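Trainee: A predicted structure for the sequence below; I have some questions about it.
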Amino acid sequence: MPLRLPDRLPAIEILKGENIFVMDNSRATTQDIRPLKIVILNLMPLKITTETDLIRLLSNTPLQLEISFMKLKSHTPKNTPIEHMMMFYKDFELMRNEKFDGMIITGAPVEDLDFEKVSYWKELTGIFDWARTHVTSTLYICWAAQAGLYYHHHIPKYHLPKKMFGVFRQYPLEPQLPIFRGFDDYFNMPHSRHTETHKDDVLKCPDLQLIAESPECGVSMIMERGGREIYVTGHLEYAANTLNTEYRRDLGKRDDVEIPLHYFRDDNPANEPMVTWRAHANLLYSNWINYYVYQETPYDINTIE
């Protein structure tokens, strides 16, 4: 089943070029189906790129999804045209009375700052609180995962001597969970971060369930409230060339960034990247939508609490 997307969203034409079936709202309204309402709080600087990455994965479900985009009133993005933001995004204040079946909160390029020093921290934590009573399941990605763990459970982040950068093997610790339905004994996940969450801090919190980790990059997935919140420290949504783009961008500008590991063929940046995470990325997002959103959300969305 296709996604319901805002008319004229750039991702529509991009994904049609990849033979991914999406439809805009004009056509979707002719179908008598109660779509799942998914809201994306996109904190990444290149909004259109992140929109396309996430929609590509969400399209791999047989359920109809209605996608909305949320933005912060307290932050003005610098790398996305204001016309795009005005056309496709709504301030949280305009959405706070709505309820959603699922929510995705992306990472943000603010790792070097203490959480409380992030300019939009107060508004963001208000959204964290709101999501717990207005959303069936929320997926936190990368910095958002660290921010959510810190706000809800006082779990700190720790600065790394060099960037955790590359594609790393992850091992499910609770393979029987529906989020891992169909997974192999391990799966690959891109990581691109300057900070980390320590396993000992997670295990000390009785409300949290560590569900996947890596011997190279540590904590990778955490769950609480039976999947009402899922925290992912990496970027399964990344497209094939994203790590390469980041590597070229930072080359010669930062002394804590090295060649992304296990990404270029033979670990040689002169070679093409190897995409080794796409299948599990599609599977994880499909499992999230099916088992933690669709099968848990009420038919009357207004009864979410």
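Mentor: Received the coordinates, thanks.
Trainee: would you list every one of the helices in the stretch 101-250 of the chain?
Mentor: With DSSP state H, counting those that start in this stretch as the definition, the stretch 101-250 of the chain shows helices at residue ranges 121-134, 143-153, 199-203, 242-250.
Trainee: buried ones in the third one?
Mentor: Counting neighbours by 16 or more other CB atoms under 10 Å, one finds that the buried residues in helix 199-203 are D201, V202. For glycine as for every other residue, the C-beta is placed from the backbone atoms N, C-alpha and C.
Trainee: before we move on, the earlier item: which one of the helices of the stretch 101-250 of the chain has the poorest average confidence?
Mentor: Sorting those by mean pLDDT places helix 242-250 lowest, at a mean of 93.
Trainee: I'd say Y238 and D53 touch.
Mentor: Yes - counting by CB atoms under 8 Å, D53 is a contact partner of Y238 at 6.5 Å.
Trainee: hey, what's in contact with both of these two?
Mentor: When CB atoms under 8 Å, 6 or more residues apart in numbering defines a contact, no residue borders Y238 and D53 alike.
Trainee: helices and strands of the protein: which one bottoms out on pLDDT?
Mentor: The weakest-scoring helix or strand in the chain, judged by mean pLDDT, DSSP states H and E, is helix 25-28 (a mean of 48).
Trainee: Report all helices and strands that the helix or strand just after it contacts.
Mentor: Heading C-terminal from helix 25-28, the first helix or strand you meet, by DSSP states H and E, is strand 36-41. For strand 36-41, the contact count by 3 or more CB pairs under 8 Å, 6 or more residues apart in numbering; DSSP states H and E identifies helix 47-58, strand 65-71, strand 100-105 as packing neighbours.
Trainee: Quick check: which of those is buried the most?
Mentor: Relative to the other members of the helices and strands packed on strand 36-41, strand 100-105 carries the highest mean neighbour count by mean count of other CB atoms under 10 Å, namely a mean of 25.
Trainee: Now do the buried residues in stretch 88-108.
Mentor: Burial within stretch 88-108, assessed by neighbour count using 16+ other CB under 10 Å, is assigned to 88-90, 92, 95, 99-108.
Trainee: report the angle between the axes of the helix or strand harbouring S286 and strand 100-105?
Mentor: In the assignment (DSSP H and E), S286 maps to helix 278-287. With axes from the mean of the first three to the mean of the last three CA atoms, to 10 degrees as the criterion, the two stretches helix 278-287 and strand 100-105 enclose an angle of 140 degrees.
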